[in-house]
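*Asks:* show me how the following folds:
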Amino acid sequence: MVPPAVVYPAWMVTDPHPTSAEVAYLGADELVDRFAAGTLTSAAVVDALLERIAVVDDPSGDVGLRSMAAVAEDARSVAVERDAI
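*Replies:* All right, here's what the predicted structure looks like:
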């Protein structure tokens, strides 16, 4: 008999950019809850994900996915504006 496959939460798997992993794997409902609680800001999410994209998509890096076609140039400024609302 083959043992059942073990499914680990995403944060337990080796991550190419561990410092952004927590934010990267949050669901929309958890993001909204954290925004509402004031424990997370849109700017912090954007910063973490832009850092992650730079590391994970870098063709000369360890992963080099090159999966992002474009990133909005105003992503951070829009996030800061949203945080001010």
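*Asks:* what number of residues lie near the closest residue to residue 61 other than its chain neighbours?
*Replies:* Distances taken as C-beta to C-beta, 6 or more residues apart in numbering put residue 55 closest to residue 61, at 6.1 Å, once the chain neighbours are dropped. Any C-beta I mention is one placed from the backbone N, CA and C, and that applies to glycine too. Applying other C-beta atoms under 10 Å, we find 17 residues neighbouring residue 55.
*Asks:* wait, residue 55 sits on residue 68?
*Replies:* No - Residue 55 lies out of contact with residue 68 (C-beta atoms under 8 Å); the separation is 11.6 Å.
*Asks:* residues in contact with the helix or strand that contains residue 76: which ones?
*Replies:* Using DSSP states H and E, residue 76 sits within helix 75-84. With contacts defined as C-beta atoms under 8 Å, 6 or more residues apart in numbering, helix 75-84 is touched by 41, 42, 43, 45, 46, 47, 50, 72.
*Asks:* just the buried residues out of those, in ChimeraX syntax.
*Replies:* What follows is the ChimeraX syntax for the buried subset of the contacts of helix 75-84, where burial is set by 16 or more other C-beta atoms under 10 Å:
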select :41,42,43,45,46,47,50
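*Asks:* and the contacts of helix 75-84, which two are the farthest apart?
*Replies:* 41 and 72 (17.4 Å; C-beta to C-beta).
*Asks:* which parts of the chain are helices?
*Replies:* 18-24, 28-37, 42-57, 75-84 (DSSP state H).
*Asks:* redo those as a markdown table? Include distance to residue 7 and mean pLDDT.
*Replies:* Output for the helices of the chain, formatted as a markdown table (distance: least, C-beta to C-beta, whole Å; pLDDT from 0 to 100):
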| stretch | distance to residue 7 | mean pLDDT |
| --- | --- | --- |
| helix 18-24 | 17 | 91 |
| helix 28-37 | 19 | 96 |
| helix 42-57 | 22 | 94 |
| helix 75-84 | 32 | 96 |
